[in-house]
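Enquirer: model the structure of this input:
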Amino acid sequence: MSRAAQREETTVGRWPLLGQYALHFATVGILLPFLPAYLTSLSLSPTQIGMLLAIGPAMAIVAPQIFGHFADQRGRPDHMLRVITLGAAVSFTPLAFVRGAPALALVLVGYTFFSSSMTGVLDALALQRVASKGESFARLRLFGSAGFVVSSVAFGLAVTEVDRRTILIPLALMLVGSLWSFTVRARTASVGGRRPFAGLTLLARRDVAVLLACCALHWIACAPYHGTFAIHVGALGLPPAVVGLGAGLGVLAEIAVMALHPWAARRIEPRHVLAVAFAVSALRWWGMSVARSAEAIVALCLLHGMTFGAFYVGAVGTLGSRVPATLRVSGQALFVSITFGVGGLVGYVSAGATYDALGGPGAFTAAAVLELVAAGLILLGGREPS
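Expert: So this is what the prediction gives:
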C-alpha cells in the first residue's frame with residue numbers, strides 16, 4: 001500500500017458503527033423468528049414458505065460479491081453501506097401490501113439482494129477500526145447481538161398475534177438505519193480498475209478455502225435448529241415457551257462469549273477457537289437428539305454462545321488476518337457468500353428433508369457428525385502457510 005493511499009484512509013467512528021450494528025440486528029431480531037409466522041398468516045403452505053425463506057441465502061451467494069467489489073475498488077465502504085441500507089428499506093416496503101407467493105418472492109428478491117450484503121460491509125468497517133485503533137472485534141459486534149435480543153423479546157411481549165406489525169416495525173427500523181448510515185464515514189485504500197469479483201481469488205489460498213468450507217459445514221449443521229427447532233419441540237409435547245426461552249438465553253450466552261472473547265484471543269489461536277466452537281456445537285446437537293425435557297433443551301441452548309458467538313468472531317478474526325486491507329470488504333463478502341449463502345441454501349433445503357426422513361433426533365445426530373468433520377478439517381488443514 002502506498003503512503004498516499006495510507007494518508008487517505010479514515011477510520012469509522014465507534015458510535016456510528018455500534019449504532020448501525022444495533023439497528024440492523026434489531027431488524028433481524030424481529031424478521032428471523034416472526035417472518036415465517038407472518039407468511040403462515042397469509043395462508044401460504046409450508047413448502048411455499050420454505051421456498052421464500054431460501055431466497056435470502058440464494059441472494060447471499062452473489063450480492064455481497066457485487067457490493068464488496070465496488071466498496072474495495074472505490075475505497076468507500078461507507079458509500080456502499082448507504083446504498084445497501086436505503087435499497088433494503090425501499091425494496092422491503094411493498095411486503096406490507098402484497099399477499100400472493102409470486103409477489104412476495106419478487107419483493108424478497110429485491111430486499112435480500114441488499115440486506116444480504118449488510119453484515120459483510122459492517123464487519124469490514126469493524127475490522128478496519130480494529131486494525132487502526134486496536135479495539136476488539138467481538139466487543140464491537142456484540143452490540144448487534146444486543147440489538148437482536150432486545151427487539152426480539154420486546155416485539156414478542158408487545159404483540160398478541162403476528163400481523164402487519166411484523167413488517168411495519170422492521171421497516172421503521174430500516175428507515176432509521178438508512179438515516180443513521182450517514183453518520184458512518186470511512187475511507188480505505190482503493191485500487192481502481194480491479195477486475196470484478198477479485199475477492200474470489202482468495203479461494204486459491206488453501207487455508208482460506210478450508211476455513212470457508214468449514215464455516216459452510218457448520219452453518220449446514222445449524223440448519224435443523226434454525227429450521228425445525230420449534231417443530232421438534234412441539235413433537236416432544238413441550239410448550240412454545242421453550243422455544244422463546246431457549247432462543248433468548250442463547251443470544252444472552254452469545255453476548256457473554258463475545259464480551260469475554262478478547263481475553264481468550266490473547267491465549268488461543270483463532271482457528272482453535274473455531275475448532276472448540278465446532279466441537280461444543282457437536283455436543284449441543286447430540287444433546288438435542290436425546291433430550292426430552294424442557295429443562296434439558298433450554299440448558300442446551302446456552303451453548304449457542306459457542307455455536308454462534310465463538311464461531312462468528314473466530315471465523316471473522318481468522319479470515320481478517322489472512323486478507324489484505326485492499327480486499328477487506330471483498331473478503332468478508334466471500335465469508336457471507338460461502339457460509340450464509342451456500343451453507344444457508346444447502347441447509348434450508350436439506351433440513352426439512354432430513355427431518356422428514358429421520359425425525360428430529362436423526363436430524364440433530366447428523367448435524368453433530370457434520371460439526372465433528374468441520375472441527376477436524378480446521379485443525380488439520382486450516383493452518384496459515386508460514
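
Enquirer: buried residues in the one helix or strand G110 maps to?
Expert: Here G110 sits within helix 101-115, counting by DSSP states H and E. Judged by neighbour count (16 or more other Cβ atoms under 10 Å), helix 101-115 contains these buried residues: A101, L104, V107, L108, G110, Y111, T112, F113, F114, S115. C-beta here means a position set from N, CA and C on the backbone, and glycine is covered the same way.

Enquirer: from S289, how far out is the fourth one?
Expert: When Cβ to Cβ, to the nearest Å is the yardstick, L108 and S289 sit 32 Å from each other.

Enquirer: again, but for the last one
Expert: Applying Cβ to Cβ, the value for S115 to S289 is 33 Å.

Enquirer: could you do the third one as well?
Expert: Distance of V107 to S289, given as Cβ to Cβ: 37 Å.

Enquirer: which ones are touching the closest residue to L86 other than its chain neighbours?
Expert: Nearest residue to L86 in three dimensions, chain neighbours excluded: S178, at 4.7 Å (Cβ to Cβ, 6 or more residues apart in numbering). Residues in contact with S178 (Cβ atoms under 8 Å, 6 or more residues apart in numbering) are R82, T85, L86, A89.

Enquirer: go through the chain and flag its longest helix.
Expert: If you go by DSSP state H, the chain has its longest helix at helix 344-381.

Enquirer: list the buried residues in that helix.
Expert: Buried residues in helix 344-381 (16+ other Cβ under 10 Å): 344-352, 354-355, 360-361, 363-368, 370-375, 377-379.

Enquirer: average pLDDT across it?
Expert: Helix 344-381 carries an average pLDDT of 87.

Enquirer: packing partners of it?
Expert: helix 46-53, helix 55-74, helix 206-235, helix 270-290 (3 or more Cβ pairs under 8 Å, 6 or more residues apart in numbering; DSSP states H and E).

Enquirer: ok, back up a step: closest one of the contacts of S178 to L31?
Expert: Using Cβ to Cβ, A89 comes nearest to L31 of the contacts of S178, at 13.0 Å.

Enquirer: hmm, back to that, worst mean pLDDT among the helices and strands packed on helix 344-381?
Expert: Minimum mean pLDDT among those: helix 46-53, a mean of 79.

Enquirer: chain center to that one: distance?
Expert: With Cα atoms, centre = their mean, to the nearest Å as the basis, helix 46-53 stands 20 Å off its chain's centre.

Enquirer: quick one: that helix to helix 101-115, angle?
Expert: Angle, helix 46-53 to helix 101-115, by axes from the mean of the first three to the mean of the last three Cα atoms, to 10 degrees: 30 degrees.
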